[in-house]
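Asker: coords please:
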Amino acid sequence: EGETWKAGLKKTASSPFRVVPFFDPAPWGGQWMKEVCDLDKTQANFGWCFDCVPEENSLYLNISGTLFEMPSNNLIFYQPREVLGEPVEARFGENFPIRFDFLDTMGGGNLSLQVHPTTQYIRDTFGMAYTQDESYYILDAEDDAVVYLGLKEGIQKDEMIQDLRKANQGEMSFDAEKYINKFPAKKHDHFLIPAGTCHCSGSNAMVLEISATPYIFTFKLWDWDRLGLDGRPRPVHIEHGKEVIQWDRTTPWVEKNLVNAIYEVSRGEHYVEEHTGLHELEFIETRRYWMDDVTHHTTDDGVHMLNLVEGREAVIESPTNAFAPFVVHYAETFIIPASVGEYTIRPYGESQGKKIGVLKAYVRKFS
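Answerer: I've put the predicted structure just below:
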């Protein structure tokens, strides 16, 4: 009944929750998620996972033992202020502004070389209010993993665009390493990618992508001479891309601003809090917590999105017993609605007494 449905949404908006993850194969897909997330072993690969994209994922309600599935956006439309918090709702309306997804290239190939539109361009061209700033958090990596990020010094804009056009017409292969920086990528590294920055993950990396959610505005520039899963060339968007590439984001600036800009914020007997990004051009703030005992957090009237990046299990609890203890497992993303206020995180189950790592993202407040 309608009242039961509304009651379920209200309860969800006042406690930690997860949305239903969506997994999909990709031309560059890998094998990590198949093992760690216990997916169908008969599939060739899994490249994508929308682990927490409320505008794309679904939500389960358990109604007297029956699972009722619906778009998770229903929750945002019905309880926007309770989930997002008043400052975030005032800025983004009934849009959930942060998304966490996985990009698995372990045993796979490079992602397509790409760039996201600047805010002015996405407004003028597509009528969107904000753009897709993002970052790559490396959940896991082989020794040869890399991230392509930003431009090299001294390149010629016209020459690069001409080479991209020729490559996508089949006249040549694009020499990405001539134009794009390539940085080694290790587990727990964090690469920041403000809009307008050329980028992609190389093979043998497991990426937790943290980004804004203006839908699917990705301009592909080069796809490494490969075909899509349908056997046809994947679309590229060089003419859009050339209008938004920030040509001054070259090696020194990228190394200083975008590669592992991590520093300690605070430290206690049982925890360390680190600032891991994002760049000042981006509205998403991220913090990483290492802990071997309980840590205390407050939403400060803004929604929090978190992922257990190290450790088997953790439990989220209310100091006032306002919601039931919520258990999360390795690599799972979960949401803490703004209305929750105070909450704690601590190692749980097999991780009790051991160090775990949690990555938190939230909308940065205006100073």
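Asker: look up which residues are beta-bridged to Leu151.
Answerer: Per DSSP bridges, the residues bridged to Leu151 are Ile180, Thr250.
Asker: check contacts around it.
Answerer: For Leu151, the contact set (C-beta atoms under 8 Å, 6 or more residues apart in numbering) comprises Tyr179, Ile180, Asn181, Cys198, Ile245, Trp247, Arg249, Thr250, Thr251, Val254. Quick note: C-beta positions are derived from backbone N, CA and C, even for glycine.
Asker: ok, Lys11 next?
Answerer: Listed by C-beta under 8 Å, 6+ apart, Lys11 has no contact partners.
Asker: could you pull out the helices for the stretch 151-300 of the chain?
Answerer: With helices called from DSSP state H, counting those that start in this stretch, the stretch 151-300 of the chain shows them at 157-168, 176-179, 238-244, 251-257.
Asker: which of these sits closest to Val53?
Answerer: helix 238-244 (22.5 Å; C-beta to C-beta).
Asker: show me how far that closest one is from its chain's centre.
Answerer: 23 Å (C-alpha atoms, centre = their mean, to the nearest Å).
Asker: likewise for stretch 117-130?
Answerer: Computed by C-alpha atoms, centre = their mean, the chain-centroid distance of stretch 117-130 equals 20 Å.
Asker: follow-up on the earlier one: farthest pair in the contacts of Leu151?
Answerer: The span of the contacts of Leu151, defined through C-beta to C-beta, is set by Ile245 and Thr251 at 15.0 Å.
Asker: compare the two (neighbour count), which wins?
Answerer: Neighbours were counted for Ile245 and for Thr251 using other C-beta atoms under 10 Å; Ile245 has more, 19 against 15.
Asker: and that one, what does it touch?
Answerer: Contacts of Ile245 by C-beta under 8 Å, 6+ apart are Val115, Leu151, Lys157, Gly196, Cys198.
Asker: gap between the third one and Trp247?
Answerer: Distance, Lys157 to Trp247, by C-beta to C-beta, to the nearest Å: 6 Å.
Asker: before we move on, what about the last one?
Answerer: Per C-beta to C-beta, Cys198 is found 10 Å from Trp247.
Asker: also the first one?
Answerer: Computed as C-beta to C-beta, the Val115 to Trp247 distance reads 11 Å.
Asker: tell me which of those two has more neighbours.
Answerer: For Val115 and Trp247, the more surrounded residue by other C-beta under 10 Å is Val115, and the numbers stand at 25 against 13.
Asker: centroid residue for this protein?
Answerer: Ile210 (2.1 Å; C-alpha atoms, centre = their mean).
Asker: report pLDDT for that one.
Answerer: We have a pLDDT of 95 for Ile210.
Asker: kindly state the beta-bridge partners for it.
Answerer: Assessed by DSSP bridges, Ile210 has beta-bridge partners Phe100, Ser135.
Asker: residue ranges for the strands of the stretch 251-367 of the chain, please.
Answerer: Using DSSP state E, counting those that start in this stretch, the strands of the stretch 251-367 of the chain run over residues 263-267, 271-277, 284-291, 295-298, 304-310, 313-317, 326-329, 333-336, 342-347, 356-363.
Asker: what does the third one rub up against?
Answerer: This means strand 284-291. 97-98, 133, 135, 137, 190, 210-212, 262, 265, 270-278, 295, 309-310, 345-347, 355-364.
Asker: most packed of the helices of the stretch 151-300 of the chain?
Answerer: helix 238-244 (a mean of 18; mean count of other C-beta atoms under 10 Å).
Asker: what does that helix contact?
Answerer: In contact with helix 238-244 (C-beta under 8 Å, 6+ apart) are residues 114-118, 121, 125, 161, 164-165, 168, 195-196, 219-221.
Asker: grab the nearest non-local neighbour of Asp24.
Answerer: Counting by C-beta to C-beta, 6 or more residues apart in numbering, Asp24 lies nearest to Trp48, which is 4.3 Å off, once chain neighbours are set aside.
Asker: export the contacts of Leu151 to JSON lines and tack on pLDDT and distance to Asn62?
Answerer: Shown next, in JSON lines, are the contacts of Leu151 (pLDDT from 0 to 100; distance: C-beta to C-beta, whole Å):
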{"residue": "Tyr179", "pLDDT": "98", "distance to Asn62": "52"}
{"residue": "Ile180", "pLDDT": "98", "distance to Asn62": "47"}
{"residue": "Asn181", "pLDDT": "98", "distance to Asn62": "48"}
{"residue": "Cys198", "pLDDT": "98", "distance to Asn62": "45"}
{"residue": "Ile245", "pLDDT": "97", "distance to Asn62": "47"}
{"residue": "Trp247", "pLDDT": "97", "distance to Asn62": "52"}
{"residue": "Arg249", "pLDDT": "97", "distance to Asn62": "47"}
{"residue": "Thr250", "pLDDT": "98", "distance to Asn62": "52"}
{"residue": "Thr251", "pLDDT": "98", "distance to Asn62": "52"}
{"residue": "Val254", "pLDDT": "97", "distance to Asn62": "47"}
